[in-house]
Structure formats: structure tokens, C-alpha cells
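[1] Structure of the sequence below:
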Amino acid sequence: MIRSLFGLFKIDLLLFLPAVFISSVGLLMIYSISFDSDPSLFIRQLAYILFSILVFLVISKLDFKTISHLYPVLYILLIFILVLTFVIGVETRGSTRWIDLGFVNLQGSELAKPVLALALASVLAKYPPITVKNFFLALVLVAVPTLLVFSQPDLGNSFILALLWIFMVFIAGANIFYLAGLVASLLVAAPLLWQFLKDYQRVRILTFLNPSLDPQGASYNIVQALIALGSGQLIGRGLGRGTQSRLNFLPAERTDFIFAFIGEELGFIGIGLVITLTAFLIWRLLRIATTTKARESSLFTFGAAFILFCQFFVNAGMNMGILPVTGVTLPLVSFGGSSVFSMFVLLGLVQAAQKQGEKNLGRVDTV
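    This next block holds a predicted model:
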């Protein structure tokens, strides 16, 4: 019956089910941390996931070409949201990243990921970055929202958006000398970029280089995350028994540091499960990207795979102390409506792109 239901929607189960399972792990952890303190967090996250799944199903039924033709409208809307964030956004811990809508905080930097992947796929398919003009056209397209996100300030997500551009223009066939020249210019300008960082961002980078610099202050988050991960060992302390989170030693345990929280309560087995499911989902995206016949669909799906990989790696890396602490969430796992919504929108667009790419073959893989 379930198979027939998904067959009706022509859903790729190898794409959809891993995403649902990963979200379920996150939901389980939200329940564990909030059931005796604030049960509404679990209800809200469940609502976010169910709504996002509904959006996924709706988007998957749409024609990808039609959606891609709307990228200028979506891009302008994204810029409007990012600018509006500076006007009416809520400031939290020195950053203005969210617009309070009452029932959910809208984070423009999360919405930027599917929108920019779609815009880049459309532009690069029509204007391959083999000429200087097209190369810089794609650069300007990404530079505007990336600079707005960086100014919030949100170093982590702006870094992901910049890497997304580099990856997609490379996949689209950009001249390697153009990329090499740009990267070299950025390396030369790195000391100047340091001046634009906020004080707390500089401290995070310094404490990443030396975690023992200030264990009770700037390095506190990293130290507590490592303690939580290490204390979980193989099978974890068990749901509801994580001392680091229960005693409020582990900061942002349901958002930025939920990876460490999973390690503490579910151990290596729990972490391994999340990594395996995410790796499988990335593999499925790459499989779709390499088999689809439509160039635009292929570029977008490659971009989606990169976003998922990059965001997972950055979040897990900062939890394990191998990357500086940023405000990047663990995709499909961390608490938050914008994060879960953007990931399911991204996957819904991939499903639509997959159907578009296979339309000429007269089939859609639903198993």
C-alpha cells in the first residue's frame, strides 16, 4: 500500500526515505532533550518536518523547467528577505539572521541554498563559464546574497555559498585558470578579510587553532562538545541520560551541537547511523546527477549533493574540533524550521529535476 502511494506520487524512495530517517533521528534527539523541560519543542519540530515533507511532495509534482524559469523571481525574493532581515530581524548572540514570524523564525541564509543552486544551474546551463564574461556573470549572481549573509554576520553559511559557486562553475566546465586566479586572489586578500570579521569570529578561529587557549571562555564550546562525544563511547549513555546536555554544559545542543549530543546519548552507533544515512543520500544525489540527460537538472543535482555534503561536514567538523565553530546546522537533524524546510525543498527540486531528466526515457525510478 505504501509502495502504491509513493508510486502515485512517483517518488524516488532511495531519495525520500533516507531524508525522512535522518529527520527522525533529529526528532528523537529533540524529544530526548525537551520532554521534561519544554515538550513544545518536539511538537514544533514534528510540525516543521511534516510541513516540509508536504512541500517536498508538492514540488516533486511540478515541472522542473517551469520552476527553473522562475529563478529570477525567486532570486529577487531571496535578496528582499536578506535585506529585510537587517531591518526587522531578531538579534541573537551578536548576529541578525532571523525574521520572527511568530510560529517560526525565518532564516534567509538557509533559503539561499536551494535558490542559489537553482539560479546557478539555470545560468550555467545557458551561459557556460568558459568565457570570462560568463564566469563573472555567475560570480556576481552568487556574490550579492553571499555578502549579505556574511554581513549578518554568518561566516559559516556564507562560506558554504561561496564554495557552492566554485563547485558548480567547476562542474559546468569553467576554465581552470580562471578559478586558480580567483583562488589566488582570495588567498592574497585573506589578511584584509580578517579585518572584516567580528571579534567573536576572530576568537573562534584562534581557539580552533589552539583549543586550550581559553577552555573556560572562547574554547568552551569546543571542549564541551569533545567531552560529550567522547563520553558516549560505543553505545552512548542512553536517551535522556546525557550529562553534558542535561546539566547545560553542552551549548546549543539541539541546533549547532546536536551532532555531539547524538554522540553522547547514542554513542558511536548513533553517529555512525547518521553518517551512513547522509552518505547514502549524497550517493543517491550523485547517482541522479550523473544519469540524468538534462544539463540543467544535472548541474542542480550536483549542487544539491554538494550543499548536503558541505553543510554536514562543516557541522560535524566543528563538533569534533577539526573546523572553527560556526552557526551551521546539521542538515535534516538540527532543530529549526528554516533548516529542515530548505533541505526538503532542495530534495523536492531534485525529484522534479530527476523526472525532467528522465522524461525522454519515459520512466521514473521509484524504488
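
[2] For the stretch 1-150 of the chain, which segments count as strands?
    In the stretch 1-150 of the chain, the segments counted as strands under DSSP state E, counting those that start in this stretch are 90-92, 95-100, 105-107.

[3] quick one: low-confidence parts of this structure?
    Residue ranges of the chain with pLDDT under 70: 1-9, 93-94, 190, 194-201, 203-204, 206-219, 357-367.

[4] List the contacts of the closest residue to Asp100 other than its chain neighbours.
    Nearest non-adjacent residue to Asp100, counting by C-beta to C-beta, 6 or more residues apart in numbering: Val90, 5.0 Å away. Any C-beta I mention is one placed from the backbone N, CA and C, and that applies to glycine too. Shown in contact with Val90 (C-beta atoms under 8 Å, 6 or more residues apart in numbering): Thr96, Trp98, Ile99, Asp100, Asn105.

[5] ok, the fourth one to Ala228 distance?
    With the distance defined as C-beta to C-beta, to the nearest Å, Asp100 ends up 30 Å from Ala228.

[6] cool, and the first one?
    In this view, Thr96 and Ala228 are 29 Å apart by C-beta to C-beta.

[7] thinking again about what came up before, tell me which of Asp100 and Ala228 has more neighbours.
    Taking neighbours as other C-beta atoms under 10 Å, Asp100 and Ala228 compare with Ala228 leading, 26 against 11.

[8] Okay, helices next: where are they in the stretch 251-367 of the chain?
    258-291, 295-319, 337-358 (DSSP state H, counting those that start in this stretch).

[9] Switch these over to CSV; also include distance to Ser185 and mean neighbour count.
    Output for the helices of the stretch 251-367 of the chain, formatted as CSV (distance: least, C-beta to C-beta, whole Å; neighbours: other C-beta atoms under 10 Å):
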stretch, distance to Ser185, mean neighbour count
helix 258-291, 29, 21
helix 295-319, 22, 23
helix 337-358, 30, 24
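
[10] Now that we have those helices, can you turn them into a markdown table and tack on distance to Lys133?
    Listed next are the helices of the stretch 251-367 of the chain as a markdown table, based on distance: least, C-beta to C-beta, whole Å:
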| stretch | distance to Lys133 |
| --- | --- |
| helix 258-291 | 26 |
| helix 295-319 | 19 |
| helix 337-358 | 27 |
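
[11] Of all those, which one comes closest to Ala47?
    Of all the helices of the stretch 251-367 of the chain, it is helix 337-358 that lies closest to Ala47, at 8.2 Å by C-beta to C-beta.

[12] distance between the closest one and the chain's centre?
    On the basis of C-alpha atoms, centre = their mean, to the nearest Å, helix 337-358 is displaced by 13 Å from the centre of the chain it belongs to.

[13] Provide the angle between the direction of that helix and the direction of strand 95-100.
    Helix 337-358 and strand 95-100 are oriented at 80 degrees to each other (axes from the mean of the first three to the mean of the last three C-alpha atoms, to 10 degrees).

[14] and the nearest residue to Phe261 once chain neighbours are set aside, what does it touch?
    Among residues not flanking Phe261 along the chain, Glu253 sits closest, at 4.4 Å (C-beta to C-beta, 6+ apart). Listed by C-beta under 8 Å, 6+ apart, the contact set of Glu253 reads Ile33, Gln244, Ser245, Ala260, Phe261.

[15] now do 6 Å
    Glu253 makes contacts with Ile33, Ser245, Phe261, as judged by C-beta atoms under 6 Å, 6 or more residues apart in numbering.

[16] Test my guess that the second one contacts Phe261.
    Meaning Ser245. Yes - judged on C-beta atoms under 6 Å, Ser245 makes contact with Phe261 at a distance of 5.4 Å.

[17] Look up how far Pro18 lies from the residue nearest to the spatial centre of the chain.
    Central residue of the chain (C-alpha atoms, centre = their mean): Gln311, 4.5 Å from the mean position. For Gln311, the distance to Pro18 (C-beta to C-beta) stands at 15 Å.

[18] What sits closest to Gly317 if chain neighbours are left out?
    In this structure, Gly317 finds its nearest non-sequential neighbour in Leu323, 3.4 Å apart by C-beta to C-beta, 6+ apart.

[19] State the phi and psi torsions of that neighbour.
    phi -140, psi 150 (degrees, to the nearest 10).

[20] Could you report the neighbour count for it?
    Each residue near Leu323 was counted by other C-beta under 10 Å, and the total is 18.

[21] ok, now Val132?
    10.

[22] repeat for the one 10 residues further on
    Number of residues near Val142 (other C-beta under 10 Å) recorded here: 21.

[23] any idea how far it lies from Asp36?
    For Val142, the distance to Asp36 equals 44 Å [C-beta to C-beta].

[24] before we move on, what about Phe306?
    From Phe306 across to Asp36, the span is 39 Å (C-beta to C-beta).

[25] And Ser297, by the same measure?
    Counting by C-beta to C-beta, the separation of Ser297 from Asp36 is 47 Å.

[26] now Arg237
    16 Å.

[27] out of those two, which sits in the busier spot?
    Set Arg237 next to Asp36 and count neighbours by other C-beta under 10 Å: Arg237 wins out with 20 against 9.

[28] can you pull the contacts of Gln351?
    Ser60.

[29] can you offset everything so residue one is 50?
    All right, first residue 50 from here; so that's Gln400.

[30] count of residues packed around Tyr227?
    By other C-beta under 10 Å, 18 other residues sit near Tyr227.

[31] Before I go, just wanted to say thanks for your time.
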